[in-house]
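K.L.:
Attaching a predicted model along with its sequence, questions to come.
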Amino acid sequence: MGKLRPLAKRLEIDVLLDQIFRLTDEGKTSVSPELQPLLIAESSRSRGTVHSHLLKTRHYHAAENLSNNPDITIRRADKAVMFVLIPSEQYVSKLDSIVHYCFKSSREFLDCVNSAPAEGVMASLDVESLFTNIPVLRTIDYICDHVYRSSPLPLLKIEEIHLHELLKICTQEAVFCWSCGNLYQQIDGRYMGSPFGVVFANSFMGSGWDEVFNRFARPLLYGRYVDDVFVRTTDSEERERLLCLLQEVSSLQLTTEEATDGVLPFLEVLLTQNADGSTHTAVYTKPTDQLVCA
């Protein structure tokens with residue numbers, strides 16, 4: 001029952017709201033519109049360990065049965081105090097369809113790793129000096145192709161040729177002053193802190209590496225956080241072939257780190273591939289991090 005304790009207060013609030021709305025439907029009470037959001041906000045606060053009188057044994061049993069049901073996957077909803085239930089087969093199918101997946105956070109990475117089969121060899125790939133080596137004109141072509149031919153969003157009220165030219169002006173005609181007082185113009189690559197830096201990095205890494213997977217068999221698992229890439233391949237030889245092709249197509253230099261004895265750090269997560277095929281995750285702290293706040 002230990003795993004269910006963090007959810008107990010939210011379940012209590014849900015039961016309370018259900019009872020309130022039932023009384024409202026019967027005309028026995030009236031409810032302020034602010035009540036529901038206030039109660040939901042209260043569900044995320046910790047105010048001691050008072051035992052709930054609203055949650056019954058059946059509620060705990062139902063939650064426990066759901067969490068133990070292999071046919072159902074439970075995930076916390078993004079930016080909401082609730083959980084989403086989805087058939088495990090459908091959830092895994094969506095993950096299996098990932099060819100290049102851009103993680104937005106360590107939580108998304110954990111969801112992906114924990115839901116995918118723990119097969120093959122784990123490794124991480126890292127791009128050396130990505131921002132300063134982004135091919136600007138090639139990336140502008142990728143962006144325009146996505147905006148005008150691949151995006152599900154409505155077309156921009158600007159012609160493609162004009163967007164292309166504006167992006168060139170913003171990236172290739174911007175000047176900066178060096179400490180000696182001279183003015184310089186950066187015609188390729190993006191400097192760290194550039195307003196276009198992350199947009200261009202993601203566009204190039206996503207669209208550019210799609211070309212790789214049109215020519216190379218898809219790995220067991222592939223995902224990235226900007227320039228940090230996580231892969232599962234069938235063996236080390238497959239990873240090396242993938243690495244060579246990535247460097248050939250992107251013209252970037254990459255470093256690789258393979259799991260040692262089934263252990264691999266990635267982002268802030270330490271992954272351990274167990275003998276039974278499962279993957280254990282824990283918080284990873286770099287050896288150079290002294291955990292001292294300045």
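P.N.:
Arrived safely. Numbers count the residues shown, from 1 in each chain.
K.L.:
So for this structure, the centremost residue is which one?
P.N.:
Centroid-nearest residue in the chain: Phe103, 2.4 Å away (criterion: Cα atoms, centre = their mean).
K.L.:
Report the separation between that one and Glu258.
P.N.:
20 Å (Cβ to Cβ, to the nearest Å). Just so you know, the C-beta spots here come from the backbone N, C-alpha and C atoms, and that holds for glycine as well.
K.L.:
Give me the nearest residue to Arg241, chain neighbours excluded.
P.N.:
Excluding its sequence neighbours, the residue lying closest to Arg241 (Cβ to Cβ, 6 or more residues apart in numbering) is Phe216, at 7.2 Å.
K.L.:
May I have the phi/psi pair for that neighbour?
P.N.:
Taking degrees, to the nearest 10, you get phi -130, psi 140 for the backbone angles of Phe216.
K.L.:
Next: Phe230.
P.N.:
phi -110, psi 130.
K.L.:
got a pLDDT number for it?
P.N.:
At Phe230, the model reports a pLDDT of 89.
K.L.:
residue ranges with poor pLDDT in the stretch 101-250 of the chain?
P.N.:
For the stretch 101-250 of the chain, the stretches with pLDDT under 70 are 101, 192.
K.L.:
Helix, strand or coil: sort out the closest residue to Arg215 other than its chain neighbours for me.
P.N.:
Among residues not flanking Arg215 along the chain, Leu245 sits closest, at 6.7 Å (Cβ to Cβ, 6+ apart). With DSSP: H, G, I helix; E, B strand; the rest coil as the basis, Leu245 sits in helix.
K.L.:
how about Leu245, what does it touch?
P.N.:
Counting by Cβ atoms under 8 Å, 6 or more residues apart in numbering, Leu245 makes contact with 212, 215-216.
K.L.:
Identify the residue spatially nearest to Thr234, adjacent ones excluded.
P.N.:
Gly120 is the one closest to Thr234 (Cβ to Cβ, 6+ apart), at 5.2 Å.
K.L.:
Also Thr233?
P.N.:
According to Cβ to Cβ, 6+ apart, the nearest residue to Thr233 is Arg239 (4.3 Å).
K.L.:
Quick check: next helix or strand after the one helix or strand the one you found maps to?
P.N.:
Arg239 is part of helix 236-250, with elements assigned from DSSP states H and E. Using DSSP H and E, the helix or strand that follows helix 236-250 in sequence is strand 254-258.
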